[in-house]
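1. Provided below are the primary sequence and the corresponding predicted coordinates.
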Amino acid sequence: MLTRAMASDIKGVWATILNRIGPDGASDHGAIAEQVAAYAKAGVDGVYSGGTASEFHCQSDTEFQKIAVLFAQAARDNGLSFQIGAAHPLATAWTGSHLLPV
């Protein structure tokens with residue numbers, strides 16, 4: 001079932017992933033899970049991607065979607081609430097295990 005998170009549901013400290021770029025200009029997809037796991041270990045309340053620190057404006061739609069899927073899985077694996085897509089035209093917000101159309 002799809003549900004929409006309310007502003008009152010989002011509390012505490014949320015961290016954003018930084019899109020690590022290799023010398024060849026490609027995203028380091030393995031770094032996504034590493035960052036999310038580190039944030040979970042640090043005790044953040046949630047994580048987000050696709051905002052002002054994720055180079056979304058330089059990503060193709062395919063790359064944005066790939067990062068979103070890897071990020072969502074990493075957040076689920078670490079028991080963190082998450083949101084994807086603060087500014088991308090294909091933005092979809094995710095919290096917990098629910099897909100939330102924006």
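-> On my side now, so go ahead.
2. Measure how buried Val69 is and give me the count.
-> Neighbour count for Val69, taken as other CB atoms under 10 Å: 13. Yep, even glycine has a C-beta here, placed from its N, CA and C like the rest.
3. which stretch of helix or strand covers it?
-> Following DSSP states H and E, one finds Val69 within helix 61-77.
4. Can you list the buried residues in that helix?
-> Glu63, Phe64, Ile67, Ala68, Leu70, Phe71, Ala72, Ala74, Ala75 (16 or more other CB atoms under 10 Å).
5. Convert the C-alpha atoms of that helix to CSV, please.
-> Provided in CSV are the C-alpha atoms of helix 61-77 (Å, rounded to 0.1, in the frame of the first residue of the first chain):
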residue,chain,number,x,y,z
ASP,A,61,17.6,9.8,-15.7
THR,A,62,19.0,6.3,-15.9
GLU,A,63,21.9,7.2,-13.4
PHE,A,64,19.4,9.0,-11.1
GLN,A,65,17.2,5.9,-11.0
LYS,A,66,20.2,3.5,-10.5
ILE,A,67,21.4,5.6,-7.5
ALA,A,68,17.9,5.8,-6.1
VAL,A,69,17.5,2.0,-6.2
LEU,A,70,20.9,1.3,-4.6
PHE,A,71,20.2,4.0,-2.0
ALA,A,72,16.8,2.7,-1.1
GLN,A,73,18.1,-0.8,-0.7
ALA,A,74,20.9,0.4,1.5
ALA,A,75,18.5,2.4,3.7
ARG,A,76,16.2,-0.6,4.1
ASP,A,77,19.2,-2.9,4.9
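6. Which strands border the helix or strand following that helix, and is each parallel or antiparallel?
-> Helices and strands here follow DSSP H and E; after helix 61-77, the next one along the chain is strand 81-84. The pairing partners recorded for strand 81-84 under DSSP bridges are strand 46-49 (parallel).
7. The partner strand - what's its average pLDDT?
-> Taken as a whole, strand 46-49 has an average pLDDT of 88.
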